[in-house]
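Colleague: got a sequence here, can you model it:
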Amino acid sequence: MTQLLPHVEVETNDQPNASIIWLHGLGADGHDFEPIVEQLDLPENAAIRFIFPHAPSLAVTINNGAVMPAWYDIVEMKIERKVDELQLKNSVNAIIDFINNEIARGINSERIIIAGFSQGGAVAFETALSFPNKLAGLLALSTYFATKDSIQFNPANQDLAIAIHHGTDDSVVPFSLSEVSSELLLSKGYSVEFKSYPMDHSVCREQIEDISQWFVNTLNLAS
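Modeller: From the prediction side, this is the model:
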């Protein structure tokens, strides 16, 4: 049996029929987005299992080699952000283990959403767009497509529901990086819902409402 990363699970119903795997940012952990489940105010009939994995602890070069929860090392902070792709791919494999585990628990892959904030979003991009079975959606928050030049896109997810959100005042991950991600995916025939918010590297109330509606639409939940 595959050993999953330590994680937090929150179920909105005792018989989930959909799963959302949500990846935190650098230096955080799975508890970071746990409170958002209640804030989403999803329909009462929503039967969703939220999974918030904890990233392993790694030395992060841009933080003077400090060890912290990280999905991969960031080697330099230039606009394109040089990353350790091997570590990123290792994290992708860890998230694929969660996807396969959800399928084994009876959740159809087409009812699984991959969400990620900042560094977690980079892993989410690679995971969802390269996965060999159709997924429900990809939610990329305040992030960047770190593997855009090396990813092997899988046609199984050509019609994936994709939402990209970013704060226009982001001082950590430049807003322009989400514009680049969106433009690239649109050029490859993907459908992308792009939203911007007047905020820094965070989430805001208006955005949470938009995320909730996107979950309702993507998973065909009755509102």
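
Colleague: show me what the one helix or strand residue 165 maps to is packed up against.
Modeller: Residue 165 belongs to strand 161-167 when assigned by DSSP states H and E. Judged by 3 or more CB pairs under 8 Å, 6 or more residues apart in numbering; DSSP states H and E, strand 161-167 is in contact with strand 137-141, helix 175-187, strand 192-197, helix 205-218. Quick note: C-beta positions are derived from backbone N, CA and C, even for glycine.

Colleague: redo that, cut-off 10 Å
Modeller: Applying 3 or more CB pairs under 10 Å, 6 or more residues apart in numbering; DSSP states H and E, we find strand 161-167 packed against strand 112-117, helix 119-130, strand 137-141, helix 175-187, strand 192-197, helix 205-218.

Colleague: of these, which is nearest residue 153?
Modeller: Closest approach to residue 153 among the helices and strands packed on strand 161-167 (CB to CB): helix 119-130, 5.5 Å.

Colleague: out of the helices and strands packed on strand 161-167, which comes closest to residue 69?
Modeller: Smallest distance to residue 69 across the helices and strands packed on strand 161-167 (CB to CB): 9.4 Å, for helix 119-130.

Colleague: re the thing from before, nearest to residue 169, of the helices and strands packed on strand 161-167?
Modeller: Closest approach to residue 169 among the helices and strands packed on strand 161-167 (CB to CB): helix 175-187, 7.9 Å.

Colleague: distance of residue 154 from residue 71?
Modeller: To residue 71, residue 154 is 20 Å away according to CB to CB, to the nearest Å.

Colleague: ok, now which ones touch the residue sitting furthest away from the middle of the chain?
Modeller: When each C-alpha in the chain is compared with the mean C-alpha position (CA atoms, centre = their mean), residue 64 comes out farthest, at 26.0 Å. With contacts defined as CB atoms under 10 Å, 6 or more residues apart in numbering, residue 64 has no neighbours.

Colleague: same thing with residue 10?
Modeller: Listed by CB under 10 Å, 6+ apart, the contact set of residue 10 reads 20, 22, 33-38, 48-52.

Colleague: do residue 29 as well
Modeller: Residue 29 touches 6, 7, 8, 52, 53, 54, 55, 57, 68, 69, counting by CB under 10 Å, 6+ apart.

Colleague: backbone dihedrals for the fifth one, please?
Modeller: When quoted as degrees, to the nearest 10, the phi and psi of residue 53 stand at phi -70, psi 150.
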